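# whatever this is, show me its structure:
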Amino acid sequence: MNKVILIGRLARDPEMRTTASGTNVTRFTLAVSRPFQDQNGERGADFINCVAWRRQAENINKYCSKGSQVAVEGRIQTGSYDAQDGTKRYTTDVVCDNCTFLGSRNDNEGNANSYSNDGTDEPTNIPTSDISEDPFKDFGEEIALSDDDLPF
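So this is what the prediction gives:
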């Protein structure tokens, strides 16, 4: 099984190109914080190359920029090519199947939108709820229950 799930921030603006056949492709680098601290008490980060195709590539290029926080689901793909200097170069990329926009670096509202490779143009809004109020305030008086009232 080849499955990757990452949450991080874009290390630079995404770069979109169009292939000779007219397919859009966007490349970006995701900075993902490590879960531990080094000897100096600082958290390191891994910079992971990602690639998205078609409509998802367009949405990432349109709505994300350096510092945007995203969650990526996809798979690891490795490859190689011969460089102009005659050496063989190896690549490792995460090919994005689904990308959820968690907000930009200046956005603290926590709005999240999800874009996938299903060809749709509109974001799927992820519902959020306000837990600052009592959700049971409109139910009236307290009801007494005994263990015999419960079905389990």
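
# which positions within the helix or strand that contains residue 102 qualify as buried?
Here residue 102 sits within strand 88-103, counting by DSSP states H and E. For strand 88-103, a neighbour-count test (16 or more other C-beta atoms under 10 Å) marks 93, 94, 95, 96, 97, 98, 99, 100, 101, 102, 103 as buried. All C-beta atoms are positioned from the backbone trio N, CA, C, and that covers glycine.

# that strand pairs with which strands?
strand 43-53 (parallel), strand 69-82 (antiparallel), strand 113-116 (antiparallel) (DSSP bridges).

# surely residue 60 is within a helix?
Yes. Residue 60: assigned to a helix according to DSSP: H, G, I helix; E, B strand; the rest coil.

# show the pLDDT at it.
Residue 60 is assigned 95 on the pLDDT scale.

# report the contact partners of it.
Counting by C-beta atoms under 8 Å, 6 or more residues apart in numbering, residue 60 touches 14, 16, 26, 28, 52, 70, 96, 99, 115.

# how does it look with 10 Å?
Residues counted as contacts of residue 60 (C-beta atoms under 10 Å, 6 or more residues apart in numbering) are 10, 14, 16, 24, 26-28, 50-52, 68, 70, 72, 96, 99, 101, 115.
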